[in-house]
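**Q** okay, predicted coordinates and the sequence, questions at the end:
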Amino acid sequence: MPRSVIETVESHFQLEANIGGYEAESEAANEIAMAYEHVSKLLATTPFNIAFSEHATASFVAAISSVPFVSGDVVLTTVNDYVSNQIQYLALAQRFGVEVVHAPEAPEGGVDLVEIEALIHRLRPKLVAVTHIPTNSGLVQNVEAIGAMCRAEDVLYLVDGCQSVGQMPVDVQAIGCDYFSATARKYLRGPRGAGFLYVSDRALALGYEPLFPDLRGADWVAPGMYQPAPDAKRFETWEFAWGLVRGTGEAARYALDIGIEPIRDRAWKLADHLRSLLHQQDKVTVLDHGKVLGATVTASVDGWAPADLVRELREHGINTTGQESIDAIIDYTQKGVDGSLRISPHYFNTEEELSVFISSLDEIIR
């Protein structure tokens, strides 16, 4: 996290320690309002359409719970959607009899746009859900093209932007989604334990709301009646760590101040350079496929489990993450691997650090 994000979070927690949680929320009302402003600007929307949450999955769950599924409804998704999302689709299938359909991949990687358009037209899904950038690949899905298809057929559209926010420009109007879920951490460099959700004017006007609203998202207006909030706050809950919300807003402001386009250009350039270095390494296979690749680099190493590589690299002072086959079972099975090592350079990294990584990896492998 940038220093200003840490200081923002710490200052609010200190305020709570000094005067109490409710009092701190009241005293920091202007700063909290600015968090909505900064995050909405990050997504090219308005504060009216922003809800804060505990994390990206909480945002995703709140959105998907608002859809009134019945038996026989179709959820159309991709083979590269995030593992938790895939599990939730299956839970919907078990509980409500929803049919989960995966659009096929294009030969070059990423969802086949011709095939998914045909499926949208033929199946009339209740929901199309797509992960913008998967956790298991550098792939950047063409969510704008899919959004145009959904608008043409008046189909509800949910985008998981956990990996894309803070890494690249995101314009929810251009995407054409009804929901966009994201996290404060990862490429946005905010605190862990915070996330947010974009809700479109259309979804709000249609009356979509989470399955279990609370007093933050609705008013109990009569013994047998409640009234949802008019804006995206109907997807929020009462109990917030407002210091983390403020930290999220500061992370958004910080990224906007640097410039999202320069951030993308720098991070993607480093990732492309890293892939070229990895291609030169014996026993290393780069796993990223797609017309557009982002800053997450995935690779497999012959004879090495990703978790073991992560541990050895941390001994060299290098932070990476590893995945097993169960983290992306369709994609990893198709690629013929049991998982991947994920290396995620950001704009603050350097070419020299990538060289250190390659040298360390080579030493570990040998």
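**A** Alright, I've got the coordinates.
**Q** switch to C-alpha atoms for all contacts and neighbour counts from now on
**A** Noted.
**Q** least confident secondary structure element in this protein?
**A** One helix or strand of the chain scores below all others by mean pLDDT, DSSP states H and E: helix 329-335, with a mean of 92.
**Q** give me the contacts around that one.
**A** 79, 80, 287, 325, 338, 339 (Cα atoms under 8 Å, 6 or more residues apart in numbering).
**Q** could you dump the residues you listed to JSON lines with distance to residue 63 and neighbour count?
**A** JSON lines is the format used below for the contacts of helix 329-335 (distance: Cα to Cα, whole Å; neighbours: other Cα atoms under 10 Å):
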{"residue": "79", "distance to residue 63": "20", "neighbour count": "22"}
{"residue": "80", "distance to residue 63": "19", "neighbour count": "29"}
{"residue": "287", "distance to residue 63": "31", "neighbour count": "22"}
{"residue": "325", "distance to residue 63": "27", "neighbour count": "16"}
{"residue": "338", "distance to residue 63": "31", "neighbour count": "17"}
{"residue": "339", "distance to residue 63": "29", "neighbour count": "27"}
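**Q** which one of these is nearest residue 59?
**A** Nearest to residue 59 among those: residue 80, at 19.0 Å, using Cα to Cα.
**Q** surely residue 260 meets residue 167?
**A** Yes. Counting by Cα atoms under 8 Å, residue 260 touches residue 167, with 7.0 Å between them.
**Q** neighbour-wise, which of these two wins?
**A** A direct count of neighbours by other Cα atoms under 10 Å for residue 260 and residue 167 places residue 167 higher, at 27 against 20.
**Q** surely that one and residue 187 touch.
**A** Yes. Using Cα under 8 Å, residue 167 is in contact with residue 187, at 5.3 Å.
**Q** in strands, which of the contacts of helix 329-335 appear?
**A** Counting by DSSP state E, those place residue 339 in strands.
**Q** can you tell me which of the contacts of helix 329-335 is nearest residue 121?
**A** When those are compared for distance to residue 121 (Cα to Cα), residue 79 wins out at 19.1 Å.
**Q** surely that closest one meets residue 102?
**A** Yes. With contacts counted by Cα under 8 Å, residue 79 reaches residue 102, the gap being 5.8 Å.
**Q** need the phi and psi values for residue 263.
**A** When quoted as degrees, to the nearest 10, the phi and psi of residue 263 stand at phi -60, psi -50.
**Q** quick one: pLDDT of it?
**A** According to the prediction, residue 263 has pLDDT 98.
**Q** and for the one 4 residues further on?
**A** In this model, residue 267 is scored at 98, pLDDT.
**Q** buried stuff in the helix or strand where it lies?
**A** Secondary structure assignment for residue 267, by DSSP states H and E: helix 260-279. Judged by neighbour count (16 or more other Cα atoms under 10 Å), helix 260-279 contains these buried residues: 260, 263-272, 274-275, 278.
**Q** now that helix, how far from the centre of its chain.
**A** Counting by Cα atoms, centre = their mean, to the nearest Å, helix 260-279 is centred 19 Å from the centre of its parent chain.
**Q** same thing with stretch 330-346?
**A** Taking Cα atoms, centre = their mean, one finds stretch 330-346 lying 17 Å from the centre of the chain it belongs to.
**Q** report the buried residues of that stretch.
**A** Under 16+ other Cα under 10 Å, the buried positions of stretch 330-346 are 330-332, 337-346.
**Q** between the residues you listed, which is closest to residue 112?
**A** Ranked by distance to residue 112 (Cα to Cα), the buried residues of stretch 330-346 are led by residue 331 at 14.2 Å.
**Q** any idea how far the residue of the chain positioned farthest from its centre is from residue 237?
**A** In the chain, the greatest distance from the average C-alpha position (Cα atoms, centre = their mean) is reached by residue 223, at 38.3 Å. Residue 223 sits 21 Å away from residue 237, going by Cα to Cα, to the nearest Å.
**Q** kindly report the same for residue 293.
**A** Look at residue 293 and residue 237: by Cα to Cα, they are 36 Å apart.
**Q** now swap in residue 326 and tell me
**A** 31 Å.
**Q** one step back: and the contacts of helix 329-335 as CSV, adding pLDDT?
**A** Converted to CSV, the contacts of helix 329-335 look like this (pLDDT from 0 to 100):
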residue, pLDDT
79, 94
80, 92
287, 96
325, 91
338, 93
339, 94
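**Q** and which of the contacts of helix 329-335 is nearest to residue 200?
**A** The shortest gap between residue 200 and any of these belongs to residue 80, at 24.1 Å (Cα to Cα).
**Q** that closest one contacts residue 134, correct?
**A** Yes. Between residue 80 and residue 134 a contact is recorded at 5.9 Å, counting by Cα under 8 Å.
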